[in-house]
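*Asks:* give the three-dimensional model of this entry:
(one chain, ligands or ions: 1)
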Amino acid sequence: MDPRPIGVFDSGFGGLTAVRQLRRIMPSETIIYFGDTARVPYGNRSRDTLLRYARQDVAFLRSFDPKAIVIACGTVSSNCLEELQAENKVPILGVVEPTVRRAIAATRSGRVGLAATRASVSSGAYERLFHRLAPAVEVVSRACPLFVPLVEEGRCRPGDVVIETVAEEYLGPLRGEIDTLVLGCTHYPLLREVIGRVMGPEVELVDAGAEAARAVRDLLEERDALSGGEDQGQARYYTSDQTEQFLRLAPLFLGEDVTGRAEQIDITRY
Ligand code: DGL
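*Replies:* Numbering: from 1, shown residues only. Have a look, this model is predicted:
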């Protein structure tokens, strides 16, 4: 048993979709979340910039002596996972592998879509792993660069003409072509209903945050490192920009209020 916290980070709110699952499937774990809200979005940045940001994000979380760190960000997972794992002793998990494994198990037609940020798609990380684990699966990728800024503005509900138009433009061409769509960015589960309407009910949507949460549970179980406690675990939230917008939008992602548990920090110190 290991009572230490699990560290989780993302560019902004998206990683909270992973935290929601972590809290659902491992309610007694303590969670430390960092959202780099001063530098979001990550999805259009160069690999060098992503690595610099991600190293600081990890250094901040390491100050809590976590037992594992979850990169709850498809963009950082796609571009920086190996470096971060090589540089740190603490186990670091990304979203790409668990998500790809789930999509391979889900597809019947062998035609899978990938919706992700521009930096994730251009890294080729998802496609490479599909190719390695299931060479027969055909992957059609779509970069969706406007999704993250719109979600960060809370523009994610069905009936919002802006998000519906953008979703149709990005993903409409995949309708009828695939039976499984990877939501390869942790912001996208907030668009599940909007994307579901574009794709139709027969397309299974695979949620990167939820799959990463299951992978963490498996790892901690395997290492006998679950908290073992019976009380509800604490969750604390840190952001690099002011917390007002975070306090307003976090409940949407998390399904719980975070008042009194969010704090701004200076990430450039790490
Ligand atoms: N949630 C991040 C991801 O999974 C969003 C990246 C961004 O900030 O653009 O890729």
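*Asks:* gap between the residue sitting furthest away from the middle of the chain and residue 254?
*Replies:* What lies farthest from the middle of the chain is residue 230; by Cα atoms, centre = their mean that is 26.9 Å. To residue 254, residue 230 is 22 Å away according to Cβ to Cβ, to the nearest Å. Glycine gets a C-beta too; all of them are placed from N, C-alpha and C.
*Asks:* could you do residue 176 as well?
*Replies:* The gap separating residue 176 from residue 254 is 34 Å, by Cβ to Cβ.
*Asks:* the two: which is more packed in?
*Replies:* The residue with more neighbours, out of residue 176 and residue 254, is residue 254; 18 against 11, by other Cβ atoms under 10 Å.
*Asks:* OK, contacts around the more buried one?
*Replies:* Neighbouring residues of residue 254 by Cβ atoms under 8 Å, 6 or more residues apart in numbering: 16, 19, 20, 23.
*Asks:* mind checking pLDDT for residue 150?
*Replies:* On the pLDDT scale, residue 150 is placed at 94.
*Asks:* so who does it touch?
*Replies:* By Cβ under 8 Å, 6+ apart, residue 150 lies in contact with 156, 162, 163, 166.
*Asks:* neighbour-wise, which one of the residues you listed leads?
*Replies:* Most neighbours among the contacts of residue 150, by other Cβ under 10 Å: residue 156, with 24 neighbours.
*Asks:* not counting its neighbours along the chain, what's nearest residue 112?
*Replies:* Excluding its sequence neighbours, the residue lying closest to residue 112 (Cβ to Cβ, 6 or more residues apart in numbering) is residue 180, at 4.7 Å.
*Asks:* isn't there a helix covering residue 245?
*Replies:* Yes. Assessed by DSSP: H, G, I helix; E, B strand; the rest coil, residue 245 belongs to a helix.
*Asks:* how close does it get to residue 148?
*Replies:* Residue 245 sits at a distance of 14 Å from residue 148 (criterion: Cβ to Cβ).
*Asks:* which one of these two has more residues nearby?
*Replies:* Applying other Cβ under 10 Å to residue 245 and residue 148 shows that residue 148 carries more neighbours, namely 24 against 16.
*Asks:* make sure the more buried one is indeed in a helix.
*Replies:* Yes. Assessed by three-state DSSP, residue 148 belongs to a helix.
*Asks:* pretty sure it is touching residue 15, no?
*Replies:* No. Using Cβ atoms under 8 Å, residue 148 is not in contact with residue 15; the gap is 11.9 Å.
*Asks:* show me where the stretch 1-150 of the chain has its strands.
*Replies:* 6-10, 31-35, 68-71, 92-93, 111-116, 138-143 (DSSP state E, counting those that start in this stretch).
*Asks:* who are the packing partners of the shortest one?
*Replies:* This means strand 92-93. Helices and strands touching strand 92-93, by 3 or more Cβ pairs under 8 Å, 6 or more residues apart in numbering; DSSP states H and E, are strand 68-71, helix 74-87, helix 208-222.
*Asks:* so which residues make contact with it?
*Replies:* Contacts for strand 92-93 (Cβ under 8 Å, 6+ apart): 58, 68, 69, 70, 71, 81, 84, 85, 212, 215, 216, 219.
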